[in-house]
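In: Generate a structure from the sequence data that follows.
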Amino acid sequence: MNQPITTDPKYLSIEAQIKRGWIRNGLWALFVLAAALFQSYAMGRLMAPVSLIAWLCFFTCVGLIIYEPRNGVFCLLTFSFLGDALLMPWYPFRKNLSSAESLLYFSDSFSFSPFELCLALTLAVWFLRMAFQRKWRFRFGPVFWPLALFSGCVMFSLLYGIARGGDRVIALWEARSLLYILPAYWLTVNLIERRSHVQTMLWLIILPNIVNGVVGSVYTATELKFQLAGVEAIGEHALSIHFNAFFIIFFASMLFRTSVAKRTVMWIGFPVVLLAYAANNRRASFITMGIAVVIIFLLLLRLNKQKFWLIVPPLAACGMLYVAIFWNSSGALGAPAKAVRSVFGQADPRDAASNIYRVYENINNLYTIHKNVLFGVGFGNKFMQIVPTPDISFFEWWEYIVHNSILWIWMDMGALGFLSMAATFGTAFVIGGRRLWETANDEVGIATVLALSYLVVFFVYAYVDMAWEVSNMGVIGIMMGLVCIFDVVARERPAVAPIRWPWQQPAAPQPSS
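Out: Residues are numbered from 1 along each chain as shown. Below you'll find the predicted structure:
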């Protein structure tokens, strides 16, 4: 929906513009004053210097969002990829301000996270800016309505589960992250408009993943001494999915045109990310990464058949040789081959036990769905258990959340919730596939590969492991928004390198860094 700027003189007069300027400057002054007062209060409470730095970073993000709401999308993307609850328990962005271990701990009663505050602030500033400019413009995109229906089902299941006597705290935690997807999607669709925005977003995925890779590699070297035998994981489930995003950009940039700066930085960061990725040892992430590589190769086949036949057959042969050599390996180097063996061959005792647990859990899951087909059990209610499962009571919510995150949606949200979720992802896949087939050989093409592949990777991963985590949901919304705005971004002509010498031929459009 587009509404032109008003031509009413009372809004265009010098006096009206001066008044709006005073209001804008006054709001900035109030923000600076509030930030200064809070920092003074924090110093008075004798907070640690590191916490003061964290608060300073938070207020910097707030200031950037007030200055330009698009920066809110950038902040949400960056800080969703950055950090891990296991490797960095102090990392504050996705923890409540009531979490004692967080650097941004404020009060036991303040149960909001910096992620939620940034998301709400970005929405508020975006709406206020349109109100000040007297220009209301909304893009919804094809994913909006199925996603809105899904969000409505989340709210219904939250209320329904509590009404059935479910645990209110657990119900809120189960539903909370699912409600992030819609606002993150809507902000992306409306605020990301240019190639430069997309190129910035690629940087904001690459750099946080390298930081995570450094932290994971240091932990592997210093704490584990590179002895990964028997180590189940070093981080959350989401850490491996985020690393997959780095690898998708890395492999796509090797095949398609991108900036020298991005390639150089990714080559430097590749070893540490790979080591941390192997140490985290999530089988599903290795399999889903293979699916993403297939998507990249399919796009390469359309864009450059000669390069496809030159690259893909040798790589496929090397991949099969690698799997054959490391079929029985138990080290980090053989982790991907081990994942393939656990799916298509004989799993080792640890993976076999994990597979058996999932079989028993799926039986209970399907039985619960059968007994609650229409509305599900609602959030905050335990699933039914007709088959005893091995003891994993160390996981606090083992009676509420199952590994099969796709069926978990049906189990908790019922048939309509499941169908709306399937419609949301199905629409995103269709739109993303169409954009992928129309994309050009540039950084927008790489971003198209990333957005579609990440959604496919997440959906497949969610079928076999817990995936609806806070750190994933904002990214999922942003990726869904990206697949819907690539047609808008593609209308902008790529930057053309300037001619330095009179005899130089006009250069072809080149991607900027």
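
In: What does R137 show for phi and psi?
Out: Per-residue torsions, R137: phi -140, psi 120 (degrees, to the nearest 10).

In: okay but it is in contact with M130, surely?
Out: Yes - using Cβ atoms under 8 Å, R137 is in contact with M130, at 6.8 Å. (C-beta placed from N, C-alpha, C; glycine too.)

In: more neighbours, these two?
Out: M130 (16 against 11; other Cβ atoms under 10 Å).

In: Now do the same contact list for that one.
Out: 136-137 (Cβ atoms under 8 Å, 6 or more residues apart in numbering).

In: quick one: what helix or strand has it in it?
Out: For M130, the host element (DSSP states H and E) is helix 114-133.

In: Need the contact partners of the helix or strand following that helix.
Out: Using DSSP H and E, the helix or strand that follows helix 114-133 in sequence is helix 144-163. Applying Cβ under 8 Å, 6+ apart, the contact partners of helix 144-163 are 168, 171-172, 174-175, 178-179, 181-182, 185-186, 189, 375-381, 412-414, 416-417, 420-421, 423-424, 427, 480.

In: With only the CA atoms kept, save the following helix or strand past helix 144-163 in CSV.
Out: Later in the chain than helix 144-163, the nearest helix or strand by DSSP H and E is helix 168-176. C-alpha atoms of helix 168-176 as CSV (Å, rounded to 0.1, in the frame of the first residue of the first chain):
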residue,chain,number,x,y,z
ARG,A,168,2.2,-20.6,32.2
VAL,A,169,5.9,-20.0,32.2
ILE,A,170,6.8,-22.9,29.9
ALA,A,171,3.9,-21.9,27.6
LEU,A,172,5.3,-18.4,27.3
TRP,A,173,8.8,-19.7,26.6
GLU,A,174,7.5,-22.1,23.9
ALA,A,175,5.4,-19.5,22.1
ARG,A,176,7.7,-16.5,22.6
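
In: could you check the angle helix 114-133 makes with helix 168-176?
Out: Angle, helix 168-176 to helix 114-133, by axes from the mean of the first three to the mean of the last three Cα atoms, to 10 degrees: 60 degrees.

In: Counting by contacts, list what helix 168-176 packs against.
Out: helix 144-163 (3 or more Cβ pairs under 8 Å, 6 or more residues apart in numbering; DSSP states H and E).

In: buried sites along the helix it packs on?
Out: Across helix 144-163, burial judged by 16 or more other Cβ atoms under 10 Å covers 144, 146-151, 153-154, 156-158, 160-162.

In: Closest to H237 out of these?
Out: Using Cβ to Cβ, V154 comes nearest to H237 of the buried residues of helix 144-163, at 20.3 Å.

In: Look up phi and psi at the residue lying closest to that closest one once chain neighbours are set aside.
Out: In this structure, V154 finds its nearest non-sequential neighbour in L178, 4.7 Å apart by Cβ to Cβ, 6 or more residues apart in numbering. Dihedral angles of L178 (phi, psi; degrees, to the nearest 10) stand at phi -70, psi -30.

In: and if you look at A428?
Out: Per-residue torsions, A428: phi -60, psi -40 (degrees, to the nearest 10).

In: So which elements touch the helix or strand hosting I409?
Out: Per DSSP H and E, I409 falls inside helix 405-438. Applying 3+ Cβ pairs under 8 Å, 6+ apart, we find helix 405-438 packed against helix 144-163, helix 283-303, helix 349-371, helix 443-464, helix 470-490.

In: Can you get me a residue count around V373?
Out: 12.

In: Confirm it sits in a helix?
Out: No - applying DSSP: H, G, I helix; E, B strand; the rest coil, one finds V373 to be coil, outside a helix.

In: which residues touch W398?
Out: Contacts for W398 (Cβ under 8 Å, 6+ apart) come out as I392.
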